[in-house]
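Visitor: Just the structure for this:
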Amino acid sequence: MPKIHPTAIVDPKAEIAEDVEIGPNVYIGPKVYIGRGCLIKAHTYIESHTRIGEYNQIGPYSVIGTPPQHLAYKGEETWVEIGNYNIIREFATIHRGTSQDKGITKIGNHCLLMSYTHVAHDCEVGDYVIMSNNATLGGHVKVGNRVVMGGFSAVHQFCRIGTLAFIAGMSGVDKDVPPYVKVFGIPAKIQGLNLIGLRRAGLSREEIRRISQALGIFLDGPATLKEVIHELRDIFGEDPLIAELISFLENPSRQGIMRRKPFEGEESL
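Guide: Sure thing, here's the model as predicted:
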C-alpha cells in the first residue's frame with residue numbers, strides 16, 4: 001500500500017502505485033496517476049488529469065494539473081504528463097494543455113524545476129532540463145534536451161528552445177533559440193556558443209569545433225535560411241549534431257529564429 005499521511009486527501013478515482021509516499025496536507029484529485037517510487041511532499045496540490053511517471057520528487061506546495069490560464073479554455077479534458085526521475089521543487093506550477101494545441105503539457109525525464117518555476121499550457125519540456133528559480137515558460141513553448149534556464153528568465157508563447165541552449169538569468173526570450181547557443185538580455189540576444197554546456201554534456205573537442213563552424217555559417221552569413229540549410233548539408237553531410245541544428249532551422253515557430261544578422265527581408269535583431 002502507498003504510504004499516505006492521514007491529513008492527505010486522495011480522490012478514490014486516483015491511481016497510486018503501492019510504494020508512493022504522500023506527505024501531510026497533500027491533495028490528489030481524480031484521474032491522477034502516480035508511478036512507483038514517487039515522493040509527494042507536504043501541501044502539494046495535484047488537481048486532476050495528470051500522469052506522473054516513476055521516482056519523481058514533487059513539492060512542497062507545488063500545484064500541478066490545474067486548468068490552463070487561457071480565455072478560450074472551456075473545461076475540455078486536457079492533461080499534464082510528467083516522465084521519470086524529475087525533481088519539482090516548492091511552489092512550482094504546471095498547467096494542463098488546451099484544445100487549441102495537442103491538449104497535453106509534457107515534462108520529460110531527469111529534469112530539475114526549481115522553486116517558483118512555471119510551465120504553462122501545452123508546453124513540451126525535454127530531458128535533463130534545468131529551470132532555475134522563477135523561470136517561466138509561456139504557452140506552447142517547446143524546450144529541447146539539456147537546456148538550462150537561469151533564474152527569472154522567461155520565454156514568450158510558441159517559442160522553441162534548441163537542445164543544449166543556455167538562457168542566462170533575467171533574460172526575456174521572444175524568438176526561437178537555436179541549439180548549442182547561449183543568450184542573454186531583454187529581448188535576449190545570442191552571445192555565442194554554450195561552450196560550458198557542451199563540455200558538460202561530454203562532447204569532444206572535434207564535435208564542439210564542428211558545431212562552432214556550423215553556427216558561424218548560420219549566425220553570421222548573409223544567406224537566406226534556405227541557403228544556410230543547403231550549405232550546412234553540403235559541408236557536414238549526415239553529422240547528427242549538425243542534423244539537430246538543421247532540423248531546428250527547418251521548423252521555425254511563428255516567432256522566428258534568433259540570429260545575429262537578419263535573413264533577406266527580415267528586420268535586424
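Visitor: how close does the nearest residue to residue 211 once chain neighbours are set aside sit to residue 26?
Guide: Using C-beta to C-beta, 6 or more residues apart in numbering and skipping the chain neighbours, the partner closest in space to residue 211 is residue 180 (5.2 Å). (Glycine included, C-beta is placed from N, CA and C.) Note on residue 180: its distance to residue 26, by C-beta to C-beta, to the nearest Å, is 40 Å.
Visitor: before we move on, what about residue 162?
Guide: In terms of C-beta to C-beta, residue 162 sits 36 Å off from residue 26.
Visitor: again, but for residue 105
Guide: Residue 105 sits 20 Å away from residue 26, taking C-beta to C-beta as the criterion.
Visitor: one step back: count the residues that sit near the residue nearest to residue 211.
Guide: Number of residues near residue 180 (other C-beta atoms under 10 Å) recorded here: 29.
Visitor: which residues does it contact?
Guide: If a contact means C-beta atoms under 8 Å, 6 or more residues apart in numbering, then residue 180 has 162-165, 193-194, 197-198, 211, 215, 245 as its contacts.
Visitor: mind running it again at 6 Å?
Guide: For residue 180, the contacting residues are 164, 194, 211, by C-beta atoms under 6 Å, 6 or more residues apart in numbering.
Visitor: quick one: which of these is nearest to residue 139?
Guide: Comparing these against residue 139 with C-beta to C-beta places residue 164 closest, at 23.6 Å.
Visitor: what's near enough to touch that closest one?
Guide: Contact analysis of residue 164 by C-beta under 6 Å, 6+ apart lists 146, 179-180, 194, 197.
Visitor: repeat that for 7 Å
Guide: 146, 179-180, 194, 197-198, 201 (C-beta atoms under 7 Å, 6 or more residues apart in numbering).
Visitor: Okay, strands next: where are they in the stretch 151-269 of the chain?
Guide: For the stretch 151-269 of the chain, applying DSSP state E, counting those that start in this stretch gives strands covering 154-155, 160-161, 166-167, 172-173, 181-185, 188-193.
Visitor: In CSV: those, plus mean neighbour count, mean pLDDT and distance to residue 222.
Guide: Shown next, in CSV, are the strands of the stretch 151-269 of the chain (neighbours: other C-beta atoms under 10 Å; pLDDT from 0 to 100; distance: least, C-beta to C-beta, whole Å):
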stretch, mean neighbour count, mean pLDDT, distance to residue 222
strand 154-155, 25, 98, 28
strand 160-161, 26, 98, 24
strand 166-167, 26, 98, 26
strand 172-173, 22, 98, 24
strand 181-185, 20, 97, 19
strand 188-193, 18, 95, 16
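Visitor: returning to that earlier point: looking at the contacts of residue 164, which has the most residues close by?
Guide: Neighbour counts for the contacts of residue 164 (other C-beta under 10 Å) peak at residue 180, which has 29 neighbours.
Visitor: For residue 76, see how far away that one is.
Guide: With the distance defined as C-beta to C-beta, residue 180 ends up 37 Å from residue 76.
Visitor: got the contact list for residue 14?
Guide: Taking C-beta under 7 Å, 6+ apart, we find residue 14 in contact with 28-30, 32.
Visitor: can you name the two of the residues you listed that are farthest apart?
Guide: By the measure C-beta to C-beta, 28 and 30 form the most distant pair in these, at 8.8 Å.
Visitor: Show me whatever sits in contact with both of those two.
Guide: 11, 14.
Visitor: These two: which has the busier surroundings?
Guide: Neighbour count, other C-beta under 10 Å: between residue 28 and residue 30, residue 28 has more, with 27 against 11.
Visitor: hey, what's that one bridged with?
Guide: Residue 28 has these beta-bridge partners by DSSP bridges: residue 10, residue 46.
Visitor: which stretches of the protein have low pLDDT?
Guide: For the chain, applying pLDDT under 70 flags the ranges 261-269.
Visitor: Work out which residue lies at the spatial centre of this structure.
Guide: The centroid of the chain falls nearest to residue 125 when counting by C-alpha atoms, centre = their mean (2.9 Å).
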